[in-house]
Every structure is written in structure tokens, then in C-alpha cells.
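Participant: Provided below are the primary sequence and the corresponding predicted coordinates.
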Amino acid sequence: MAGINYFLCVTILCTTLLSSSGSCYAQSKEEQKNKLLFVFGDSLFDPGNNQYLNSSRRSPATSWPYGMGMNNHSTGRLSDGLIVPDFIALFAKLHVLPPVLQPDVNFSDGANFASAGGGVLDTHIGVMNMGTQLNNFKRVVNMLTKKYGEEETKKILMRSVFLFSLGGNDYFAFNTEYPNSTQAERMAYMRLVVGNLTNGLKEIYAMGGRKIAFQNVGPLGCVPTIKMMYPEFNGSCVRNFMVHAKLHNKALSNALKKLSTELPGFKYSIFDYYTALEDRIKNPTKYGFKEGYVACCGSGLYNGRNCGGGDDGKQAYNLCSNPSQYVFFDGGHTTEKTNHQLANLIWSGIPNVTGPYNVKQLFEFP
């Protein structure tokens, strides 16, 4: 992984030097036909957008130990190193996508709109939820239209891949606020989330997007932060969170299948993140890890909080010496090693893991 880390550091340096008129290399006409990658999501996919928001809240991921695996270069990514969209971009032979809010950002390979804390609904303030991310996407489309014209921009979007990780924060917020909700209430909320998500996809389709890839909602009740919040479960996964994630994932699959029958040219991919992460948590040695339950960085039960010192940066915390032995880096986010494994499954997973198409196949479609 050291070589990849070095490459990412060089890439990040390169992207920070980009201007609106330049690139890290001169693209040929052939290269300009490359498919772009557009990323929407939450903290699992955020490359550092939140540090550019007008908020008084500290972003721990902009300081050590986040980025400790990249020569201690903290970028705003909630991990010791690369996150999943970074690997997907590299697999697709694109530059690693910088935060879309970064000054003088270049869109030659796409854009990453993800925001830590972001949800499908407006579940958190001070972050970019799906509506704001879509508005930022529309601004990028307008910029592309000014450069290439409307017809060519639509062709670019039709060739491109749209990668999503949204929903987890919605169900975290609901189940935290309403721990005694009924099954009917959970179903109604799930329908609201999936309905809004579907409407967002239709907006992207109307602008030209045809190839959609989802990482579904993970096993929320198994992450260290949630298990820390509910010590009465004695380390077991917290049921309400698990049930809601499963309801969402089934409904998402049905919604995407329906869209594929209604919208000509619509193709999609769903990565079963829920199962892939749950198996790594429960069977870490099977995947080359030593620890699946406790995070590398943090304090409290399972190191579930305060990695990097918490909101004020002054809280004590534990830090492992080798993150690659851990599934989780902090209480809610996976290590670079885990991210690399997950990205490989998204990119080239078999149909029962990532289907009906994987992301490599989506990129290969015209």
C-alpha cells in the first residue's frame, strides 16, 4: 500500500496546483473521451469537502492521525489513507477526485460532492445533504455546458459513472431520535428516503446521467460508535439499525430495477456493502485483519469516539500502531486496507456481490 499512498500524495499535490486552464498533463482528443466519475455521498466518500463549509465546527479529519498512512498528510478524509472513491478513480485511470469545494478545482475527470454527515433528507445542518450536492452538480454541468455546449455535455454525462453512498446518516438520525419506533414508522421513513433518492436519480437522468452505481447502506448497528452508544447489547450489533438498513437496501434494489425498466439506457450497479462489511467485522482474520470490533483510533468502548481529540481536539484517545490490522480506523469509518478491499468489490465484484453490473462494466459501456 505504500506505493499507492505515495501516488495519492503526488496526485493530491497535483490537483491542488490545477487551475481552470490547466491540468497535470495535456490531454489528447482520445483522452478527452474518457468517462468521468461523479461522486455523491456521506463521510464514507467525502474527500474533504466539509473543511470548506462555513461552519464553526472543527473537522477532525483535517489533522493527525487522519491521513497518518499518507506521510501524515491529513486531507479531510475520515481514514488513515485512501477512501473508496479514490481507488475507483485510480482503477478507472482517472486522477483522484479532490473536494468539489476546493478552490480552483478542476473537473477534467469528474467531481466529488460527498459531505460527511450528509443524508438523502436534510437530517443534519451545516453539511451538504443530497439536495445541496445535486445543486452543486448542476453548477458543474453549467460550467461544462459553457465549455463544450449543451449537446456535447449531455454526451459526456451519458458516458460517465455516478457513484453513491447515501442513506446511512438518515437511518442513524431516525433510530437515534426514535429508538422505540414501530415497524410501520420505520417503513414509512424508509419509503421517504428511497423516494427522495429516486427523485434525485431522475434529475440526474434528465441531465444525461445513465450509469448509476450504489454502495448500499452498511450494517449500521455493528459499527463501533453505535455499539458504544448501546452498551446493553454487550458488543452485539444493535438490532433497530440493522433492520432499517436491510429494509432500505431491499427497497433501493427494487427502485433501481424499476427505473431500469422505465428509463431507456439506464444501467445500475449495487454493491452489497452491508454483507461485505459485516463479514469483515465478524470474521476479520478471513480478510487479513486482526481486529474487526474495536477501531484503531478513539476512546471509550470499542474506541467508538474522539479519534483525533474530538470536536475540540483536546480529548484523550487511543491509537493503534498498524491500522492495516483493523477493519475500522475510527468509530464509524474503515481503514485504507478495508477501503481497498471494498473498492475492488465495487469495481469488479461478481453479480451476487455487485450487480447486475459492476462499476468496471459500467465504465466499459459506451
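Facilitator: That came through fine. Numbers count the residues shown, from 1 in each chain.

Participant: so where do the helices sit in the stretch 101-250 of the chain?
Facilitator: Here the stretch 101-250 of the chain has its helices, by DSSP state H, counting those that start in this stretch, at 130-148, 150-159, 168-177, 183-207, 224-229, 239-262.

Participant: can I get stretch 285-300 in PDB, CA atoms only?
Facilitator: Output in PDB follows, covering the C-alpha atoms of stretch 285-300 (Å, rounded to 0.1, in the frame of the first residue of the first chain):
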ATOM      1  CA  THR A 285      -8.800 -12.900  10.000                       C
ATOM      2  CA  LYS A 286     -10.600 -14.300   6.900                       C
ATOM      3  CA  TYR A 287      -9.700 -11.000   5.200                       C
ATOM      4  CA  GLY A 288      -6.200 -10.400   6.600                       C
ATOM      5  CA  PHE A 289      -7.200  -8.300   9.700                       C
ATOM      6  CA  LYS A 290      -6.600  -8.900  13.400                       C
ATOM      7  CA  GLU A 291      -9.500  -6.800  14.800                       C
ATOM      8  CA  GLY A 292     -13.000  -6.200  13.500                       C
ATOM      9  CA  TYR A 293     -14.900  -4.900  16.500                       C
ATOM     10  CA  VAL A 294     -12.600  -2.300  18.000                       C
ATOM     11  CA  ALA A 295     -11.400   0.800  16.000                       C
ATOM     12  CA  CYS A 296      -7.800   1.600  15.600                       C
ATOM     13  CA  CYS A 297      -8.300   5.200  16.800                       C
ATOM     14  CA  GLY A 298     -10.600   6.600  19.500                       C
ATOM     15  CA  SER A 299     -11.700   6.300  23.100                       C
ATOM     16  CA  GLY A 300     -14.400   4.600  25.100                       C
END
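
Participant: my guess is residue 259 meets residue 265, correct?
Facilitator: No. Using CB atoms under 8 Å, residue 259 is not in contact with residue 265, being 10.9 Å away. Where you see a C-beta, it was placed from the backbone N, CA and C, and this is true even at glycine.

Participant: quick one, which of these two is more surrounded?
Facilitator: More crowded of residue 259 and residue 265, by other CB atoms under 10 Å: residue 259, with 17 against 12.

Participant: and the more buried one, how far from residue 205?
Facilitator: Going from residue 259 to residue 205 by CB to CB, to the nearest Å gives 8 Å.

Participant: what's the first helix or strand after the lowest-mean-pLDDT helix or strand in the chain?
Facilitator: Of the helices and strands making up the chain, the lowest-confidence element is helix 2-16, at a mean of 44, by mean pLDDT, DSSP states H and E. Proceeding N to C from helix 2-16, the next assigned helix or strand is strand 37-41, under DSSP states H and E.

Participant: need the residues that contact the next helix or strand after that next one.
Facilitator: Under the assignment DSSP H and E, the closest C-terminal helix or strand after strand 37-41 is helix 84-91. Taking contacts as CB atoms under 8 Å, 6 or more residues apart in numbering, the residues outside helix 84-91 that touch it are 4, 7-8, 37, 39, 41, 44-45, 47, 77, 95-97, 109-110, 112, 114, 163, 165, 215, 339-340, 342-344, 346-347, 359-360.
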